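This is a predicted model, with the sequence first.
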Amino acid sequence: MTPTSNSGQNKNNAGSRDEDITDLLPYLNWSRAAYALELHSTAPETFSHKLQNARQMVIGLSGCDLQEIRSPVQPQAMQFDEMLSSTHRAALLKRHCDKIIMSTALVKSRGDKQLYLATDFLRWQDQESGLEYSAPLILYPVQIFYNDHPSHPVENFLLYSDTQAPMENKPLLAKLRDTVSDAISDFDPLNQQAFLLSVAVALQSHPEFSLRRKIALNVLPTAMPGTHGFASRRNRRAEDRDLNWDVAYGLIRERSVSDLRTVMSLLEESPACFTTDDSAALCSKELEERAGVLVSLGLDTLNLHHLTGLPDHIESWVNTIDAVSDNSLLQEIARSSEMTVAVYAGLAESLAMMDKLPSSDPAHYHPDHAYKNCLPTLQRAKFQYRLINTELDSLKTFFNLDPFPDPESLKELCEILDAQRECASAVVDTRYFHARKTLSALLVSGKAHYGENEELHLKRLVKILRLRDLFAQNSEYKLAFGKLFKGMATDWQLLESHIVFSRKLAEPVHSESVAAFLLQQWNTIGLSDTGISPQLQAASKATRRLMRLLQIPADSEMTIDQLIVLARELAPRLQALSPAEAPDELMGRLSAQVILDTTRMLRESRERYKALPEEERAAYRETIDATLAWMADTLRQENVKLQDIRLLLNRIAR
């Protein structure tokens, strides 16, 4: 009995695994999907870029046989942002699109299927089965419609893409992180290129995977495997509830999931604040005014618990910066370039790079290495070096080039041999005799024969040797590379390491001129005399904190004096805004912008409630309770992201 029981259990386990694989297949292999439809664009790179960055797009579809006969779009026709063509003829495209529309018709009632558009695909082959897979990295939810005013009777489909709700292919990403690298960046809808670049870098050491740019449509189940139940049917059926859309979209407006959880915790303590002037903290007019002032000061990301004691911190940071105003290095830099906040913030980091120097010789550090045009100049010099070396290597089969002969002597040798060959006299002078002897020593064959082939190669050698000498005396390279440039004897690896280091030196201070000054200092007074003091390090840290507080870009042209003036003006205003008592833990986590958005949402909700007839108010309160319950239920799912919630709300609201 036991073997039978184990056999049955194993069969169940195998069946469970098969079901998992079956659930994953729609996401991992579009090449075998029944609804997949490949499309073409005249500029696929441009289309992909638009899809990543546009907020909304209307895309027209046409069959491959209509590309040439399509008439101009009629004035009443819907204008589309892009036109895609199918690999199918128009009649077959119509049947395929009809099938897609029928398959997604249940979206409004159950939400179990969704149409996606994709442009960046990953291809690989399963080692065991030999099956080829093709799956997209990013999924763009789209809707397909009949075009009421087509420019051709058969061309009658439009795609509508709300590109604010793209999502990563989670099963594919889980596979990549498991088999390739777990260092792949998290997907950010606002910076999709960073995600795609991290995937491309991770795949460099895995040739079994290849990236491919193509455009395709496919219908997928919305219950995506690996999302820990977030996309399950239980949550997709939220349309059965009567949600308050103003409140639902107001809750997810431009904030993080952690902020949303905090706001929900505060609202659950006092749900009546949506309809009455409750005594809850979020209903405080004083709180809204304080948040509004912080936002007007550009401190919209400042959390309330940071407000307490912040004026004292600002004064301390300003004093720390003032303390290094007489620093000799800073004064020297100020004489050659403007002292911006970027220089103050990054100087300590640049000086700390002395621990990672490519060489210890101060003479190797040249100011021009810091400028961005130095690397292209280096590539040009290396190309010329390789060209000359290649030519010389090919001539070594004909000539003994150790040591290299003088090009002027070779030119004179050619003239003597040419003159004697053209002379009809049988008399041979001494110069010709010595020329033949020199030619014999120069040729690998040891012969003194001077025919057309020898003449061609000898004159080619003269030309290359002249280029070699001109390359060694190139004034542009000497000025750009300094003492590390030694003509054909240049150590290119050492030179490139110095240029790359110098470019990195300029990054923290966002100034090539400051980096050039530091290199000049190291070149003239030595490396040990250009150190970093603890005071300078503290001043750099204080500058970065002030820039982060005031949301000043890292490459800002603002001077350090302007920053100090701004900080000193801000400190007393923040002192006046500081609450008498520290905010509670939950309220203290919220930024000024989140508080302002939430208090405004609550005020608008109360105004809508008061404007309703008495008999409709109970129903309004029920929609509020349903919305809060639905949002709390959604936030309990693991790994939920804000774009997932927004996508779900968009589907429900259709």
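Cool, the structure landed. Residues are numbered from 1 along each chain as shown.

in the stretch 51-200 of the chain, which spans are helices?
90-103, 170-179, 192-202 (DSSP state H, counting those that start in this stretch).

same question but for the stretch 251-400 of the chain, I mixed them up
Under DSSP H, counting those that start in this stretch, the stretch 251-400 of the chain gives helices at 257-269, 285-296, 304-307, 310-322, 328-336, 341-352, 374-395.

ditto for the stretch 551-654 of the chain
Under DSSP H, counting those that start in this stretch, the stretch 551-654 of the chain gives helices at 560-577, 585-588, 592-611, 614-635, 642-652.

what packs against the second one?
In other words, helix 585-588. helix 257-269, helix 304-307 (3 or more CB pairs under 8 Å, 6 or more residues apart in numbering; DSSP states H and E). The C-beta positions use only the backbone N, C-alpha and C, and glycine is treated the same way.

Using TSV, lay out those together with mean pLDDT, distance to residue 512 and mean neighbour count.
Putting the helices and strands packed on helix 585-588 into TSV (pLDDT from 0 to 100; distance: least, CB to CB, whole Å; neighbours: other CB atoms under 10 Å) gives the following:
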stretch	mean pLDDT	distance to residue 512	mean neighbour count
helix 257-269	84	39	17
helix 304-307	77	35	19
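
sorry, back to before: now the helices of the stretch 551-654 of the chain as JSON lines including distance to residue 177?
Converted to JSON lines, the helices of the stretch 551-654 of the chain look like this (distance: least, CB to CB, whole Å):
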{"stretch": "helix 560-577", "distance to residue 177": "42"}
{"stretch": "helix 585-588", "distance to residue 177": "34"}
{"stretch": "helix 592-611", "distance to residue 177": "31"}
{"stretch": "helix 614-635", "distance to residue 177": "24"}
{"stretch": "helix 642-652", "distance to residue 177": "18"}
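
quick one, which of these is nearest to residue 53?
helix 642-652 (15.4 Å; CB to CB).

what pLDDT, on average, does the closest one get?
Averaging pLDDT along helix 642-652 yields 74.

Which of the residues in it are classified as buried?
By 16 or more other CB atoms under 10 Å, the buried positions in helix 642-652 come out as 642, 643, 644, 645, 646, 647, 648, 649, 651, 652.

Please apply the same query to stretch 90-101.
90, 93, 94, 96, 97, 100.

now do stretch 118-132
So for stretch 118-132, counting by 16+ other CB under 10 Å, buried means 118, 119, 120, 121, 122, 124.

Would you mind putting the buried residues of helix 642-652 into CSV with distance to residue 135 alongside?
CSV is the format used below for those (distance: CB to CB, whole Å):
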residue, distance to residue 135
642, 24
643, 20
644, 19
645, 25
646, 24
647, 19
648, 23
649, 27
651, 22
652, 27
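
Give me the neighbour count for the nearest residue to residue 159 once chain neighbours are set aside.
Counting by CB to CB, 6 or more residues apart in numbering, residue 159 lies nearest to residue 59, which is 4.0 Å off, once chain neighbours are set aside. Counted with other CB atoms under 10 Å, the neighbours of residue 59 add up to 23.

Tell me the pLDDT of residue 59.
Looking at residue 59, the pLDDT reads 79.

Centre-most residue in the protein?
The chain has residue 194 as the residue nearest its centroid, 2.7 Å off, counting by CA atoms, centre = their mean.

now that residue, nearest residue through space, not along the chain?
Closest to residue 194 by CB to CB, 6+ apart is residue 185, at 5.6 Å.

pLDDT of stretch 380-393, averaged?
Here the average pLDDT along stretch 380-393 is 91.

closest one to residue 310 among the helices of the stretch 51-200 of the chain?
helix 192-202 (32.0 Å).

buried stuff in whichever strand or helix holds residue 518?
Element membership for residue 518 (DSSP states H and E) is helix 512-524. Residues of helix 512-524 classed as buried by neighbour count (16+ other CB under 10 Å): 512, 513, 514, 515, 516, 517, 518, 519, 520, 521, 522, 523.

cool, stretch 571-590 as well?
Buried residues in stretch 571-590 (16+ other CB under 10 Å): 571, 574, 577, 583, 587, 589, 590.

low pLDDT regions in the stretch 451-600 of the chain?
The stretch 451-600 of the chain contains residues with pLDDT under 70 at 523-532, 579-584.
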